[in-house]
Every structure is written in C-alpha cells, then in structure tokens.
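1. fold the following and give me the result.
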Amino acid sequence: MPTVTVPSTVRALATQLAEPRPMRRGSVSERFVKCNRPGCLCTERPDARHGPYYSLSRVVNGKTRSRWLSAEQAAVVRAQVAVGRQFRQQVDAYWDVCEHWADTQVTPPEAASREAVKKGASKKPSTSKSSPKSTRS
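-> Numbering: from 1, shown residues only. Take a look at the predicted model:
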C-alpha cells in the first residue's frame, strides 16, 4: 500500500477538531415579559416589563426544546454556543480541504475524455428521424 502524504492544511484542521472543548448547539434568548396583572406598570410601560429572563433553545428531532437559565448560566452558555458555531465552521473547512485533497487523487474529467478519444470511443448516437411521409394520397 503506497504511503499517503497528508497536506499540512488537513493535518492542522484535524488537530484543531481533536481539541476537546465544552460546546453546544442552539441560541440564548433574553426576554422581558408583561404579566397582565391589574395595576402592574408593565401593562402600560414597556420599560417596566419583568426580566430579563434567559433561555436556551434548540431543535431536537424536529421539536424546539427550551430551558430557562440564570444570568450567570446564560453568560456561560452563550460562550459554549459560540464555540459550537466555531466548531461547525472548522468542520466545514475540514471537509473543504479534504475534498480538495481527494480531487487531487482523481483524474480530471477533461483528461479522461481526451483519453477516450484516443482509444477511438464512439460518438454520441444520432437521434432517429421519422420516415418521410408518402406523397401518395
């Protein structure tokens, strides 16, 4: 089996992906809510709404799942979500360089078609034409 030389970009991205870090999918929301209790200022003044309340939301098996967070948890989870997004970008970049690397190991299509012409490959068959109509009536 021949020795394969791994391109440095592939190796560098693989090393980054192998570094374990706490991460997560989803998004963190900050909400201020109106309670609708009689006499509460929040019903009349948007700046008097209750909150902030924080939540983490993500889609799991086609359903949105949410979880309430404290302000301290929200700060930690926001950082974890950012790391998760960065990881996804690194995975996409890894795929790109691996596909480019794989392309270098395959004969380009134009070279393959030139080789087929040299070997006497047949041309594309012509489309059949209908027979001419008879002039007899």
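
2. in what helix or strand does Pro52 lie?
-> strand 50-60 (DSSP states H and E).

3. which residues make contact with that strand from outside it?
-> The contact list for strand 50-60 (C-beta atoms under 8 Å, 6 or more residues apart in numbering) reads 24-35, 42, 64-71, 73-74, 77, 81. Where you see a C-beta, it was placed from the backbone N, CA and C, and this is true even at glycine.

4. next: stretch 31-49.
-> Stretch 31-49 has contacts (C-beta under 8 Å, 6+ apart) with 50-55.

5. at 7 Å what do you get?
-> Residues from elsewhere that reach stretch 31-49, judged by C-beta atoms under 7 Å, 6 or more residues apart in numbering: 50-53.

6. end-to-end on it?
-> With C-alpha to C-alpha, to the nearest Å as the measure, the ends of stretch 31-49 fall 9 Å from one another.

7. averaged pLDDT, that stretch. What do you get?
-> Stretch 31-49 shows a mean pLDDT of 88 in the predicted model.

8. which parts of this structure are strands?
-> Secondary structure of the chain by DSSP state E: the strands cover 27-33, 50-60, 63-69.

9. present these as JSON lines; the columns should include mean neighbour count and distance to Trp95.
-> Putting the strands of the chain into JSON lines (neighbours: other C-beta atoms under 10 Å; distance: least, C-beta to C-beta, whole Å) gives the following:
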{"stretch": "strand 27-33", "mean neighbour count": "13", "distance to Trp95": "24"}
{"stretch": "strand 50-60", "mean neighbour count": "14", "distance to Trp95": "22"}
{"stretch": "strand 63-69", "mean neighbour count": "11", "distance to Trp95": "27"}
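
10. JSON lines for those strands, including distance to Ala14?
-> Compiled in JSON lines, these are given as follows (distance: least, C-beta to C-beta, whole Å):
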{"stretch": "strand 27-33", "distance to Ala14": "28"}
{"stretch": "strand 50-60", "distance to Ala14": "27"}
{"stretch": "strand 63-69", "distance to Ala14": "31"}
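
11. surely Leu17 is in contact with Gln89?
-> No. The pair Leu17 / Gln89 is not scored as a contact, 11.0 Å apart, by C-beta atoms under 7 Å.
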